[in-house]
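Undergrad: Sequence and predicted structure, then a few things I'm wondering about:
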Amino acid sequence: MSVFVRIFHFKKGFVITILLLAIACLYGYKHVASRHEEKYIAALSWVVANKLIVIDPGHGGEDPGAIGTTGVHEKDIVLSVSKKLATILNEAGAEAVLTRESDRDLSDANAGDLDTAKIQDLSRRVDLANNRGADIFISIHVNSFPDPREDGAQTFYQPGSEESKKLSVAVQDELNRFLANPGREAKPVDYFANRMTKMPSTIVEIGFITNPKEEKMMLDQYYQGKVAWAVYAGIVRYFALSKPAFAVPLSHFTDINKI
Ligand SMILES: [Zn+2]
């Protein structure tokens, strides 16, 4: 073996070792960073206490939403994720209200044609949030696209609504942080529910049902829990950002009477 070949072999081994070390460090950093982030969100969770949050699982009943390559329906995935999100929020002291808790929509059985039924359904979802005076409205959906390579969760907000944009950006940031997301950005879109709700609102498209890998992931209960946690983290961050820096809960003071 010539000196050149030996040096080349040595260098090749060295480079591979460095690469493996770098990957291990990056993985370790990401793991520590996400643990740190989870603790940060947990510490901030008091900001959602007593907030009324309406969660809207899209579609239901006659309307399956998008249909995956294996025949899975959007309506079933979004109901499951919405229930998980409601559980996390309720445990944090918020009041989470679902627009539907089973496989149905909110239109009357004799509403008429599909378009009329759809408008009645969406209007009732919006009315529920408006009449209850919800603090925020979160609509959960699943995306679809002809190209099966499209992937990743994405949030949408009503154009011109600054608060809805802040909420959507906060949720998008956490989706990008907690999921293996391609770094999508919150985008403005004119959508009936976002336009008609009187409070900050966002549509969360949690992934693409037309991407076979993502379709499989979205059926996994653990992954659904991760998605719900990421949306929750975004909601916490939104409320934390909208509070003045000095607004800490009274329970943080041990001797409030002396202040
Ligand atoms: Zn949908």
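TA: In hand now; what should we look at? Residues are numbered from 1 along each chain as shown.
Undergrad: With adjacent residues omitted, what lies nearest to L89?
TA: The spatial neighbour of L89 that comes closest, neighbours along the chain excluded (Cβ to Cβ, 6 or more residues apart in numbering), is A96 at 4.1 Å. Every C-beta, even on glycine, is put in place using the N, C-alpha and C of the backbone.
Undergrad: Can you tell me the strand partners of the helix or strand containing that neighbour and which way each runs?
TA: For A96, the host element (DSSP states H and E) is strand 95-98. Strand 95-98 has its sheet partners listed here by DSSP bridges as strand 52-57 (parallel).
Undergrad: and the residue of the stretch 51-200 of the chain nearest the ion?
TA: Residue of the stretch 51-200 of the chain nearest the ion, by Cβ to the ion: H141 (3.5 Å).
Undergrad: still on that earlier bit, measure the residue nearest to L89 to D108 for me?
TA: Relative to D108, A96 is positioned 26 Å away (Cβ to Cβ, to the nearest Å).
Undergrad: For those two, indicate the residue with more neighbours.
TA: When neighbours are counted by other Cβ atoms under 10 Å, A96 and D108 differ, and A96 comes out ahead with 24 against 12.
Undergrad: Low-confidence bits of the chain, can you list those?
TA: Low-confidence segments of the chain (pLDDT under 70): 1-11, 14-34, 243-259.
Undergrad: Quick one: name the residues of it near the ion.
TA: Within the chain, the positions lying close to the ion (Cβ under 5 Å from the ion) are 58, 65, 141.
Undergrad: Contact partners for the first one?
TA: Contact analysis of G58 by Cβ atoms under 8 Å, 6 or more residues apart in numbering lists 65, 74-75, 78, 139-142.
Undergrad: What are the boundaries of the helices in this protein?
TA: All helices of the chain, identified by DSSP state H, fall at 3-44, 74-91, 114-132, 162-178, 192-196, 212-218, 221-241.
Undergrad: Quick check: buried residues in the third one?
TA: So that's helix 114-132. Of the residues in helix 114-132, 117-118, 120-122, 125-126, 128-129 count as buried by neighbour count, 16 or more other Cβ atoms under 10 Å.
Undergrad: Which strands or helices does that helix pack on?
TA: Judged by 3 or more Cβ pairs under 8 Å, 6 or more residues apart in numbering; DSSP states H and E, the packing partners of helix 114-132 are strand 52-57, strand 136-143, helix 192-196.
Undergrad: Now that we have those, can you turn them into TSV and tack on mean neighbour count and distance to L167?
TA: Shown next, in TSV, are these (neighbours: other Cβ atoms under 10 Å; distance: least, Cβ to Cβ, whole Å):
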stretch	mean neighbour count	distance to L167
strand 52-57	24	11
strand 136-143	26	6
helix 192-196	18	10
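Undergrad: Can you add distance to S102 and give these back as a markdown table?
TA: Formatted as a markdown table, those follow (distance: least, Cβ to Cβ, whole Å):
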| stretch | distance to S102 |
| --- | --- |
| strand 52-57 | 10 |
| strand 136-143 | 15 |
| helix 192-196 | 19 |
